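Trainee: compute the structure for the input listed below.
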Amino acid sequence: MTVNIDLACGFSPKSKWIGLDIRKECKPHVVCDFSDGIPLKDSCVDEVNCSNFIEHLKPEDCKKFVKEIIRVCKIGSIVVVAVPSYDLDKTYVPEHLSFHSDCWLSYSRFSNEYFNVEKVIYPPSDLWESGEVQKLIPGITHELARKLFRNMTKNIVFKLIVKKKIE
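Mentor: Next up, the predicted model:
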């Protein structure tokens, strides 16, 4: 059985994926606080989507969250992470506790040890809406493209493959 999870899924979890969110009003499949970890067994997940969430973590909590993603993923799992681009003033809002993409990028040495970076793209939202990104990332759905960029002018999207477990 394939297990795909949508972390911090909000009100629109991906269809046929397990949505996890702290907010009960979103009606996710699993209500959880990620500061307590991801409530799944080790090495059980095939694919992870995490869109516009990491920037809401304190920088010191980002590495812990990434470790949890690695813990629940199998070797070869796909992890897609979207964060606001740090070059847009519009993305600096009070709920953002870190410099968005910097939070993820600051762990690049750590992340590169455990992930193969398949793609890093910096597309403007109109490329997603036009479907052009589907050509850049084969297999991505337009629904996911719209979700990744629903409220952002520009995001950075990382497509990673888990290559090593944390011992």
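
Trainee: alpha carbons only for contacts and neighbour counts from here, please
Mentor: Fine.

Trainee: show me the shaky parts of this structure.
Mentor: Low-confidence segments of the chain (pLDDT under 70): 85-111, 119-138, 141-155.

Trainee: list the strands paired with the longest strand seen in it, with their directions.
Mentor: Ordering each strand of the chain by length in residues (DSSP state E) puts strand 73-84 first. Strand 73-84 pairs in its sheet with strand 45-51 (parallel), strand 155-162 (antiparallel), by DSSP bridges.

Trainee: mind listing the strands for the protein?
Mentor: Counting by DSSP E, residue ranges of the strands within the chain are 4-7, 18-21, 30-31, 45-51, 73-84, 115-121, 155-162.

Trainee: tabulate those (JSON lines), appending mean neighbour count and distance to Cys62.
Mentor: Formatted as JSON lines, the strands of the chain follow (neighbours: other CA atoms under 10 Å; distance: least, CA to CA, whole Å):
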{"stretch": "strand 4-7", "mean neighbour count": "24", "distance to Cys62": "14"}
{"stretch": "strand 18-21", "mean neighbour count": "22", "distance to Cys62": "16"}
{"stretch": "strand 30-31", "mean neighbour count": "16", "distance to Cys62": "20"}
{"stretch": "strand 45-51", "mean neighbour count": "22", "distance to Cys62": "13"}
{"stretch": "strand 73-84", "mean neighbour count": "23", "distance to Cys62": "12"}
{"stretch": "strand 115-121", "mean neighbour count": "16", "distance to Cys62": "15"}
{"stretch": "strand 155-162", "mean neighbour count": "22", "distance to Cys62": "15"}
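
Trainee: can you list the strands paired with strand 73-84 in JSON lines and add distance to Lys16?
Mentor: Output for the strands paired with strand 73-84, formatted as JSON lines (distance: least, CA to CA, whole Å):
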{"stretch": "strand 45-51", "distance to Lys16": "12"}
{"stretch": "strand 155-162", "distance to Lys16": "20"}
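
Trainee: any idea which of the ones you listed gets closest to Asp33?
Mentor: strand 45-51 (14.5 Å; CA to CA).

Trainee: quick check: bridge partners of Ile78?
Mentor: Taking DSSP bridges as the rule, Ile78 bridges to Glu47, Ile161.

Trainee: that one and Lys163 touch, don't they?
Mentor: No: contact criterion CA atoms under 8 Å: Ile78 and Lys163 do not qualify, at 9.9 Å.
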